[in-house]
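>>> I would like the atomic coordinates for the input below:
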Amino acid sequence: MKGLKSAFLALALLAVAFAGCTIQESEAEAPRTRDELRQAFLELKFGMFIHFNMGTYYEIEWVDPGKDPMTFNPTQLDIGQWADAAQSAKMQYAVLTTKHHDGFCLWDTEVTDYDVASTPLKGRDLVQEYCDEFRKRGIEPHFYFSIWDKTLGIEDTITVEHMTLIKTQLRELLTNYGKIGTLTLDGWGNCGTVWLEKDYHELSNFAKSIQPEILITDHYMIQKVYRDKEMTIEEAYRINDFLHFEEPRGKWAWAPEGNPYAGHQGPTIQSKWFWKKRFPEEELMSVEEIVEGHLGVLATRSCNLLLNVAPNPDGLLDQNVIDRLREVGEAYQP
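Have a look, this model is predicted:
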């Protein structure tokens, strides 16, 4: 792998050490407080979660490592179409799977060849296109990033070497694409790798050294609170900047009635996270369930709705999704 040449780790450590300069020094004003940022996040209300990665091409949610990058080939890719659909639904932010558990990256990373630069889309940066197209429509771009990386071998306990690799990729994401509202971490504790609070704070502090106003969460805190009962929701909120309720995990993964802690909840408009062949003919979440059953309910629980859509292998949203999101926008009054 290109990023793991003999001198890579030493150079990466130097880059990590100075990563805070680019964004932080350009800030004209002092960062807002954590509570101010949380309130601003809740004012976004409605977002689009976009699962588009190697899983799009293999009819599976978690792809095994070793897939040929050339199979990632969205011949009609139009991220502007995704952004148009989000705008039609009155969404105000979006979260893209920049890297999922198998480790495939939608940008040209220095760490591995398992990225978009090794696909038929060589020369294009899908993370940049995503940020550009959504910003053009007044929709904030946010990122999802998997700590678990089966290609780089970031599994089980996170080592010092793993931390260097993770920080290098986070540095790339948080210095090259302008201001990013939130970072959602996955594959950590809930699956794949061992979560330790000290590691979480190390990565959170690193990210905020680059972008002081970014808010960070992960998929594990709510599981520790409601399923595993290892901490209170107050303790989870002290660790995470906001809470992520991963709705498909079960009834315990809903924002509870009376919840005062800022969060977002992520169901899927289709039946799974990544695209499946049956999706164009599948029954989608109804307008009523999205607008009244989710947006209406979650607004009373300090919680945004982050509704997942899955672009197809051509790189487009299916027509049934486009139609449903337009219908949602017609019915939804923020």
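>>> every contact and neighbour count from this point should use C-alpha atoms.
Noted.
>>> and the strands in the stretch 1-150 of the chain?
Counting by DSSP state E, counting those that start in this stretch, the stretch 1-150 of the chain has strands at residues 46-50, 93-99, 140-146.
>>> model confidence over the second one, on average?
To tie it back to what came earlier, the one meant is strand 93-99. Mean pLDDT, taken over the full extent of strand 93-99, equals 99.
>>> near Leu215, how many other residues are there?
Neighbour count for Leu215, taken as other CA atoms under 10 Å: 22.
>>> so can I have CSV of the strands of the stretch 1-150 of the chain showing distance to Asp84?
Formatted as CSV, the strands of the stretch 1-150 of the chain follow (distance: least, CA to CA, whole Å):
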stretch, distance to Asp84
strand 46-50, 11
strand 93-99, 12
strand 140-146, 13
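>>> dump these to TSV, plus mean neighbour count and distance to Phe279.
Formatted as TSV, the strands of the stretch 1-150 of the chain follow (neighbours: other CA atoms under 10 Å; distance: least, CA to CA, whole Å):
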stretch	mean neighbour count	distance to Phe279
strand 46-50	25	15
strand 93-99	24	19
strand 140-146	23	23
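>>> and Val127, which of those is closest to it?
Closest to Val127 of those, according to CA to CA: strand 93-99, at 6.9 Å.
>>> distance from the chain centre to that closest one, please.
Strand 93-99 has its average C-alpha position 4 Å from the chain's average C-alpha position, going by CA atoms, centre = their mean, to the nearest Å.
>>> now swap in stretch 93-111 and tell me
In this view, stretch 93-111 has its centroid 9 Å away from the chain centroid, taken as CA atoms, centre = their mean.
>>> before we move on, what about stretch 54-66?
The answer for stretch 54-66 is 17 Å, by CA atoms, centre = their mean.
>>> check stretch 318-334 too.
For stretch 318-334, the distance to the chain centre is 22 Å (CA atoms, centre = their mean).
>>> now do that stretch: everything it contacts.
45, 85-86, 88-90, 269, 279-281, 284, 286-287, 290-291, 309, 311-312 (CA atoms under 8 Å, 6 or more residues apart in numbering).
>>> which residue ranges form the strands in the stretch 151-300 of the chain?
182-186, 215-218, 243-245, 263-265.
>>> packing partners for the longest one?
When you say that, I think you mean strand 182-186. Helices and strands touching strand 182-186, by 3 or more CA pairs under 8 Å, 6 or more residues apart in numbering; DSSP states H and E, are strand 140-146, strand 215-218.
>>> again, only this time at 10 Å
Packing partners of strand 182-186 (3 or more CA pairs under 10 Å, 6 or more residues apart in numbering; DSSP states H and E): strand 93-99, strand 140-146, helix 197-210, strand 215-218, strand 243-245.
>>> taking strand 140-146 as reference, get the angle to it.
Per axes from the mean of the first three to the mean of the last three CA atoms, to 10 degrees, the angle that strand 182-186 makes with strand 140-146 is 20 degrees.
>>> show the average pLDDT along strand 182-186.
98.
>>> one more: stretch 135-149?
Computed over stretch 135-149, the average pLDDT equals 98.
>>> now the end-to-end length of it.
29 Å (CA to CA, to the nearest Å).
>>> how long is stretch 290-309 end to end?
Distance between the two ends of stretch 290-309: 13 Å, counting by CA to CA.
>>> now for His51: which residues touch it?
61, 95-100, 144, 268, 272-275, 308-312 (CA atoms under 10 Å, 6 or more residues apart in numbering).
>>> ok, 7 Å please
By CA atoms under 7 Å, 6 or more residues apart in numbering, the contact set of His51 is 96-97, 273-274, 309-310.
>>> which strands and helices sit next to the lengthiest helix in the chain?
When the chain is parsed with DSSP state H, its longest helix is helix 160-175. If you count contacts as 3 or more CA pairs under 7 Å, 6 or more residues apart in numbering; DSSP states H and E, helix 160-175 packs onto helix 8-17.
>>> so where is the stretch 1-150 of the chain shaky, pLDDT-wise?
The model of the stretch 1-150 of the chain has pLDDT under 70 over residues 1-28.
>>> right, I'll call it a day here.
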